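Peer 1: Provide a 3D model corresponding to the input given below.
(one chain, ligands or ions: 2)
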Amino acid sequence: MGSHPRSDRRRFLTSGGALAGFVMGATRPGRSQTAAPYEPQGLLAYGQPSRFANLVRRTTGRPTTITDTALMTPLQELDGIITPSGLHYLMDHVNGIPDIDPRQHRLLLHGMVDRPLTFTMEELKRFPSVSRIHFLECNANSRPLRGPNRESVQLVHGRTSCSEWTGVLLSVLLAECGVQQQASWIVAEGSDSNRYTMSIPLGKALDDALVAYAQNGEPVRPHQGYPLRLVVPGWEAIRAVKWLRRVHVVDQPYMAWHESGNNADTRPDGKGLWFRFELGPKSVITRPSGGQHLPGPGFCEITGLAWSGGGIVRRVDVSTDGGRTYREAELQQPVLPHAHTRFRFPWRWNGEEAVLQSRCTDQRGEVQPTIEEAAKILNATIDYFYQADHFNGIQPWKIARDGSVTNALP
Ligand SMILES: Nc1nc2c(c(=O)[nH]1)N[C@H]1C(S)=C(S)[C@@H](COP(=O)(O)O)O[C@H]1N2
Ligand SMILES: [Mo]
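Peer 2: Ligands and ions are numbered 1, 2, ... in the order given. Below you'll find the predicted structure:
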């Protein structure tokens, strides 16, 4: 059985035995050591934001079932491109998150491979590591809403966050196992009680998928998948399996329970749209945004975030007249592939009614559509998006004469 040429690269750990006897950080304390270091308690041990900062994840209501939790990132309160880990949005389809002792945790890679392998966390950390800034976005993000929740950029668009993820490229681990020629998919499994499972094409797995153990410089947070999570850059975050424990190399998608429920959008014609992995170009103005209030006419910087599953954000255009005219916004460095990109646009409000909106163009030249354009592509009415996923339409915010900001989507 031949191996993929890609897996013929240098292997780092030839056998499990090579690791035996290697103990991380096992230094013997010197005799001169005396008192244990003093460890502060509570807020001094791990700092918290000011009590005056309005940094809270929110949700649109009580979870409908105990097995679905959705908490959204307060995009309107944040600057730059990194989401603080404690504010990362949260989407769980599990009955309580697993409480995993990293010393007990194992990652198994098996299936159509020459050498099935199991890795401990210590072993994973011996591999060459990479740190990459990537967004995650739920495919249910940005669905247009009706009712009071639509007046909040957090509740409409806050199912996306951006972190610096550190870990081992899945391609490195797969090379270690020797992927066989006929393999074409992987099936990734989490340690949730209901074994959250997702199929991912092998090409993406070998391209840039990352087995992450750290997020923003510290271990991945429990709600984000501690101690190990898969990051699948630019793809709908339902693929980013948390509490990763198994990668099964196979030759077809498995249509596991969670993906058969989450994969498909029902198209306007009643057919299922399957496997829409990549997220389209998107942007949203986060300030000023729905629910906020401009204190009065004068200078007001418009700022927001843009991102695309297609790679790098090439440009963002901003309109202050509801899309009749656009001007290019400034992109703040760094501008990275599959990462949130911060844009800024200087604006002077003259006190008249205005409609602010942003439009993202990615490196492939794909342009974020208006809701009307998006509906036309699918031969649907705009109502379709009020119950479908993968909406990446332009978000207009209306500034009234009194300075109040409201959602101007129909
Ligand atoms: N094991 C596991 N992985 C999971 C999920 C889950 O419920 N269990 N939810 C998925 C969904 S729907 C999304 S949108 C992202 C959310 O990641 P976050 O909670 O870290 O923001 O994780 C995905 N990975
Ligand atoms: Mo999701």
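Peer 1: how about the contacts made by residue 246?
Peer 2: By CB atoms under 8 Å, 6 or more residues apart in numbering, the contact list for residue 246 reads 107-110, 188-189. C-betas here are computed from N, CA, C, even on glycine.
Peer 1: could you rerun that using 10 Å?
Peer 2: Shown here is residue 246, whose contacts under the criterion CB atoms under 10 Å, 6 or more residues apart in numbering are 106-111, 118, 186-191, 195, 197.
Peer 1: residue 149 too?
Peer 2: Residues 58-61, 72, 155-156, 290, 407 are the ones in contact with residue 149 under the rule CB under 10 Å, 6+ apart.
Peer 1: how is it assigned, secondary-structure-wise?
Peer 2: With DSSP: H, G, I helix; E, B strand; the rest coil as the basis, residue 149 sits in helix.
Peer 1: from residue 213, how far out is the residue of the stretch 51-200 of the chain found nearest ligand 2?
Peer 2: Relative to ligand 2, the nearest point of the stretch 51-200 of the chain is residue 138 (3.2 Å; CB to the ion). Distance, residue 138 to residue 213, by CB to CB, to the nearest Å: 22 Å.
Peer 1: could you do residue 409 as well?
Peer 2: In this view, residue 409 and residue 213 are 39 Å apart by CB to CB.
Peer 1: could you do residue 405 as well?
Peer 2: Distance of residue 405 to residue 213, given as CB to CB: 40 Å.
Peer 1: please apply the same query to residue 291.
Peer 2: For residue 291, the distance to residue 213 equals 37 Å [CB to CB].
Peer 1: one more: residue 155?
Peer 2: Counting by CB to CB, the gap from residue 155 to residue 213 is 31 Å.
Peer 1: quick check: residue 198 touching residue 238?
Peer 2: Yes. The pair residue 198 / residue 238 is scored as a contact, 6.4 Å apart, by CB atoms under 10 Å.
Peer 1: and the closest residue to residue 312 other than its chain neighbours, how many neighbours?
Peer 2: Once flanking residues are discounted, residue 312 sits nearest to residue 363: 4.4 Å by CB to CB, 6 or more residues apart in numbering. For residue 363, the neighbour count with other CB atoms under 10 Å is 15.
Peer 1: residue 402 too?
Peer 2: Neighbour count for residue 402, taken as other CB under 10 Å: 8.
Peer 1: identify the residues contacting it.
Peer 2: For residue 402, the contact set (CB under 10 Å, 6+ apart) comprises 293-294, 351.
Peer 1: mind checking the SS state of it?
Peer 2: coil.
Peer 1: around ligand 1, pick out the residues from the stretch 201-350 of the chain.
Peer 2: Proximity of the stretch 201-350 of the chain to ligand 1 (CB under 6 Å from any ligand atom) is limited to residues 223-224, 237-238, 240-243.
Peer 1: please repeat the previous calculation with a cut-off of 5 Å.
Peer 2: Residues of the stretch 201-350 of the chain lying close to ligand 1 (CB under 5 Å from any ligand atom) are 224, 237-238, 240-242.
Peer 1: more neighbours: residue 291 and residue 213, which one.
Peer 2: residue 213 (23 against 18).
Peer 1: surely that one meets residue 227?
Peer 2: Yes. Using CB under 10 Å, residue 213 is in contact with residue 227, at 5.9 Å.
Peer 1: need the overlap of contacts for these two.
Peer 2: With CB under 10 Å, 6+ apart as the test, residue 213 and residue 227 both reach 102, 105, 121, 124, 219-220, 244.
Peer 1: for stretch 362-369, buried residues please.
Peer 2: Going by neighbour count (16 or more other CB atoms under 10 Å), the buried part of stretch 362-369 is 362, 366-369.
Peer 1: a markdown table for these, including pLDDT and secondary structure?
Peer 2: Below are the buried residues of stretch 362-369 laid out as a markdown table (pLDDT from 0 to 100; DSSP: H, G, I helix; E, B strand; the rest coil):
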| residue | pLDDT | secondary structure |
| --- | --- | --- |
| 362 | 98 | strand |
| 366 | 98 | coil |
| 367 | 98 | strand |
| 368 | 98 | coil |
| 369 | 98 | coil |
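Peer 1: find the nearest non-adjacent residue to the residue of the chain found nearest ligand 1, please.
Peer 2: Ligand 1 sits closest to residue 190 of the chain, with a gap of 2.6 Å, by CB to the nearest ligand atom. Leaving aside its chain neighbours, residue 190 sits nearest to residue 196 (4.0 Å; criterion: CB to CB, 6+ apart).
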